[in-house]
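Participant: whatever this is, show me its structure:
(2 chains)
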Amino acid sequence: MFETLFIGLSLTSVLLLIALGLSITYGAMGVINMAHGELVMIGAYTAVLSGIYLGFNIFAAIPLAFLTAALLGLLIERVVIRRLYGRIIDTLLATWGVAIILQQLIRLEFGMTFFGIRIQGLGPGLQQMRVPSYLMQPYEFAGIMIQPYRTFIIVVTILLTLLTWFLMYRTSIGVQIRAIMRNPQMAAACGIDVRRVSAMTFAYGSGLAGIAGVLLAGFRTVMPEMGANVVVDGFLVVVVGGVGSLLGTVLSAGLLGQINGIVSVLYNDIIARAVVFAVVIGIILWRPNGLFSFRSR
Amino acid sequence: MSNKAFLLGDRAVYIAFIVIVLGLPLLISDVFWLNRVARYLVFGMLGIAMALSWGYAGILNLGQGLFFGIGAYMVAMSLKLQSWTSLQQGSDTPVPDFMLWNAQPGAPTDLCCIVPGSWLWIPFQAQWFGIFMAIALPVIVALIIGVTIFRLRVSGVYVAIITLALVLLTRLIFIDAQPITNGFNGLTDLGWLTIGGVEFDPLMIETYYIVAVSVCIVLLLTRWLVSTRAGLILQSTRDDANRARYLGYDVASYQIFFFTVSAAIAGFAGLLFVIVSEFATPTYFDIAFSISMVVWAAVGGRSSLIGAAIGAILINTIEATVSESEMFQQAWRLIIGVLFVLIVLYMPRGLAGLARDILTRLVSLGRTKNPDAANASRNPAE
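Facilitator: Coordinates of the predicted model:
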């Protein structure tokens, strides 16, 4: 029983990690960022590459991936998303294009493939990130087998969620972000620099995706298309939780993660995912604005 | 004046399209290429379905592959039962080969009970049933989805997310029902479509004509449909659903109707695709495929039926010509990504919008320059 719940909990934390950044960008800015999964992928590749070329371990890779993904997010915001505020469906389409571009850049090793140059750690193949052995060795605690890496993910997720909560609800920039969520024009009228704050919010959300990528790289293979698989899950969590609600995102990640965990133990992974999709569709039909929501832009 | 020019231009494009599509076998004698073109015409039909639901109804369906896939599987089941892989399994009635591989030892070699659920295949022994279901089932599914979501006034992004989740759900179901759908591998080694004793080999010119004529008919029918009163009301619900509601129109009914029509077209496209490609796989339910349909429609022009069709055909033809080498294929995907971002940013109305802008320029140019041009032509004569 406990082990089933623990599996559900670790699934929850992965979902939450991906959804956290998405919830901020979608909630605060009304941007459906289909490239979020690719930012996760970039985070994972940052971990792989920094491991190969700089000898970084997972702990050093986390801040580096945060920075890389955040800068990339800033670039995407400046070049593409800035022109599309208020056109929500178009943000979905344009960021889908961005997602393809990022995937292909990794696959083609930033174009180096054309010159016959191969870069270790890039390309269309599978990559592996090395995880310190003390994070991989399961140990027994009070008669229960504990996977240290899973525990590590859960702890990092909790820390990041707390940090995000603190930023959003206890700092002046958080007040500004929440004001923009409620009503961007009014926020601008009150003297908030909406463009600057939006750009920073987007960068922060992207950075969180980068960290999620590093943690995912520890137990999944790293490949160019890894992001496409996670972004849909992230969206389902955000939509079920309610746009712009941190609490809603946490609870819906918990709900979907646990359903996935329990059903996959009882039946199999495919049925589990099917049940999750069915639950999500049901919840959207029942409460189109999500479990926790206020009206936003 | 310019309105008249648009109408003329529009007509000219439609006529040119139909003439080219029907006359292509005169230009292309290579049957393999003709077969390829037939596939892209089917994708063009998907572009039309997308433009109808996205451009005209404002319903962004990210799960159009659902209807395409269902249509494809329905007709593929019938054609599978007609192929030699099903007929020569040592049974009086046809049994798909993969069911034998999955069957429990000692199970009767009959569709009724060889594997659990195989009785679902029994009616598909008649080819007309598969063809009928290829349209009917997408319509039924679309009606159920449409009634549920549009009556509840779900709109915008939530429609996109629900349809996306649905197509993923269906994909999982089809893969999980491996004993009766052959899972990841899908239905291959299919027989040929047979009408009145004539077998339609996918490489025959007649098969190309089935597809070409179908695409032209669908194009003209949808064009007529959006110009009817219902089509105009639909466009008003897209622009402002609340206002249409206040004017007394039952918005949901119009949305359901056009969503279903779009699904029926997609199902029909699935049917035709199986006839020319001879396989049906769960990849039809991939998100990437459904989103490519959106890309085609966006490139061609989301609010132009023929624009979306041309966008789909153009992109796929270019893709086929550059995919000769693996590296170009990857670079092409990169180009598609860049192109798509640029089109969303700078050309939201796609190729059709561009064509319209150029026409406007020409018309206004012709109007102001006309006296000068007349003078210029007179001068040398003097």
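Participant: every contact and neighbour count from this point should use C-alpha atoms.
Facilitator: Will do.
Participant: what's the helix or strand for the residue in chain A positioned nearest to chain B?
Facilitator: Residue nearest to chain B within chain A: A:Gly97 (4.3 Å; C-alpha to the nearest C-alpha). Taking DSSP states H and E as the definition, one finds A:Gly97 inside helix A:88-107.
Participant: one step back: the residue of chain A closest to chain B: how many residues sit nearby?
Facilitator: Neighbourhood size, A:Gly97 [other C-alpha atoms under 10 Å in any protein chain shown]: 27.
Participant: related to what we said a few turns ago, and the helix holding A:Gly97, what does it pack onto?
Facilitator: helix A:36-53, helix B:326-346 (3 or more C-alpha pairs under 8 Å, 6 or more residues apart in numbering or on different chains; DSSP states H and E).
Participant: weakest of these by average pLDDT?
Facilitator: Here the lowest mean pLDDT among the helices and strands packed on helix A:88-107 goes to helix B:326-346, at a mean of 83.
Participant: so what touches that one?
Facilitator: Applying C-alpha atoms under 8 Å, 6 or more residues apart in numbering or on different chains, the contact partners of helix B:326-346 are A:80, A:83-84, A:90, A:93-101, A:104-105, A:107-108, A:114, B:295, B:298-299, B:319, B:322-323, B:350.
Participant: near chain B, which residues of chain A? Just list them.
Facilitator: A:80, A:83-84, A:88-90, A:93-101, A:104-105, A:107-108, A:114, A:236, A:270-271, A:273-274, A:277-278, A:281, A:284-285, A:288 (C-alpha under 8 Å from any C-alpha of the partner chain).
Participant: of those, buried ones?
Facilitator: A:80, A:84, A:88-90, A:93-101, A:104-105, A:107-108, A:236, A:270-271, A:273-274, A:277, A:281, A:284-285, A:288 (16 or more other C-alpha atoms under 10 Å in any protein chain shown).
Participant: can I have stretch A:180-189 written out in CSV, keeping just the CAs?
Facilitator: Taking Å, rounded to 0.1, in the frame of the first residue of the first chain, the C-alpha atoms of stretch A:180-189 are listed here in CSV:
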residue,chain,number,x,y,z
ILE,A,180,-1.2,41.0,-14.2
MET,A,181,-3.0,37.6,-14.0
ARG,A,182,-6.2,39.3,-12.9
ASN,A,183,-6.2,42.2,-15.3
PRO,A,184,-3.2,43.2,-17.3
GLN,A,185,-4.5,46.6,-18.5
MET,A,186,-5.4,47.6,-14.9
ALA,A,187,-2.0,46.4,-13.8
ALA,A,188,-0.3,48.6,-16.4
ALA,A,189,-2.4,51.5,-15.4
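Participant: nearest residue to A:Thr46 in space, please, no chain neighbours.
Facilitator: What sits nearest to A:Thr46 in space, not counting adjacent residues and going by C-alpha to C-alpha, 6 or more residues apart in numbering or on different chains, is A:Ala65, at 5.6 Å.
Participant: so who does that neighbour touch?
Facilitator: A:Ile42, A:Gly43, A:Ala44, A:Thr46, A:Ala47, A:Gly207, A:Gly210, A:Ile211, A:Gly213, A:Val214.
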